[in-house]
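Asks: Here you go, sequence then predicted model.
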Amino acid sequence: MATLQQTYDKCFPLTRISRKRAKDKKWVTPGIIKSSLRKNCLYKIWMTTKNLTDKEKYKNYLKTFKKTVALAQSDYYLRTFDSNTNSMKTLWKEINNLCCLSSQKSSTIQHIAKLNIDGALTSDSKLMANKLNNYFCNVGADLASKLPVSSPAVNFRNYMPPSTSNSFVCQSIAPDEVHNI
């Protein structure tokens with residue numbers, strides 16, 4: 001048993017992921033990492049030689065690299081969200097992971113310490129909450145009041161086609177009619 005364990009440990013050693021590597025996005029594949037290293041190598045060659053052909057090689061490779069990364073990212077998110085269309089819980093979990101709103105990262109979210117309200121800085125959380133609530137509740141009405149007033153001659157009927165004659169019409173029903181029936 002010990003020999004088997006030693007052989008296993010020798011063939012499959014535990015490796016620690018570097019901090020740089022741990023921050024990789026899920027859509028970063030080994031191929032993209034290899035391409036990134038190649039891109040960096042081409043850049044270093046260009047910087048040391050200052051040769052126009054090296055610059056051209058780097059620029060062409062960079063263009064291809066950016067397209068590849070964008071495609072990989074798009075494919076990853078497309079597959080992730082298409083596979084979770086039947087489960088709203090997992091869909092929202094993926095959205096929260098994408099927005100860094102997971103529980104382990106939420107402790108790093110900073111809270112508003114002070115807010116400038118009518119020219120005065122305040123740190124009262126109730127006052128800040130009420131002011132923000134008031135702002136967001138009234139933003140629609142405030143924007144609507146800033147719109148230019150249309151002339152009374154312009155009516156919505158000016159934009160509609162003429163009504164169809166002999167169309168089906170339902171007469172309104174009074175509560176007394178329902179009660180009598």
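Replies: Nice, thanks for sending it over. Numbering: from 1, shown residues only.
Asks: what ranges do the helices span in the chain?
Replies: With DSSP state H as the criterion, the chain has helices at 2-11, 19-22, 30-49, 52-83, 88-98, 125-145, 175-180.
Asks: Okay, now the unreliable bits of this structure?
Replies: Scanning the chain for pLDDT under 70 picks out 16-24, 84-85, 100-110, 152.
Asks: Recalculate using a threshold of 50.
Replies: Filtered on pLDDT under 50, the chain yields the residue ranges 105.
Asks: Export the helices of the chain as JSON lines, with columns for distance to Y159 and mean neighbour count.
Replies: Bear in mind the C-beta positions are built from the backbone N, C-alpha and C, glycine included. Output for the helices of the chain, formatted as JSON lines (distance: least, Cβ to Cβ, whole Å; neighbours: other Cβ atoms under 10 Å):
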{"stretch": "helix 2-11", "distance to Y159": "76", "mean neighbour count": "8"}
{"stretch": "helix 19-22", "distance to Y159": "58", "mean neighbour count": "8"}
{"stretch": "helix 30-49", "distance to Y159": "52", "mean neighbour count": "13"}
{"stretch": "helix 52-83", "distance to Y159": "38", "mean neighbour count": "13"}
{"stretch": "helix 88-98", "distance to Y159": "39", "mean neighbour count": "13"}
{"stretch": "helix 125-145", "distance to Y159": "20", "mean neighbour count": "11"}
{"stretch": "helix 175-180", "distance to Y159": "35", "mean neighbour count": "8"}
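Asks: got those helices as JSON lines, with distance to A153 columns?
Replies: Output for the helices of the chain, formatted as JSON lines (distance: least, Cβ to Cβ, whole Å):
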{"stretch": "helix 2-11", "distance to A153": "86"}
{"stretch": "helix 19-22", "distance to A153": "66"}
{"stretch": "helix 30-49", "distance to A153": "62"}
{"stretch": "helix 52-83", "distance to A153": "49"}
{"stretch": "helix 88-98", "distance to A153": "48"}
{"stretch": "helix 125-145", "distance to A153": "21"}
{"stretch": "helix 175-180", "distance to A153": "39"}
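Asks: what about these, which gets the closest to D118?
Replies: helix 125-145 (8.6 Å; Cβ to Cβ).
Asks: What is that closest one packed up against?
Replies: Applying 3 or more Cβ pairs under 8 Å, 6 or more residues apart in numbering; DSSP states H and E, one finds that helix 125-145 contacts strand 115-117.
Asks: Mind listing what's buried along the strand it packs on?
Replies: Residues L115 are the ones in strand 115-117 that count as buried (16 or more other Cβ atoms under 10 Å).
Asks: in its sheet, what does that strand sit against?
Replies: Paired neighbours of strand 115-117 in the sheet (DSSP bridges): strand 120-122 (antiparallel).
Asks: buried sites along the partner strand?
Replies: Going through strand 120-122 with 16+ other Cβ under 10 Å, nothing comes out buried.
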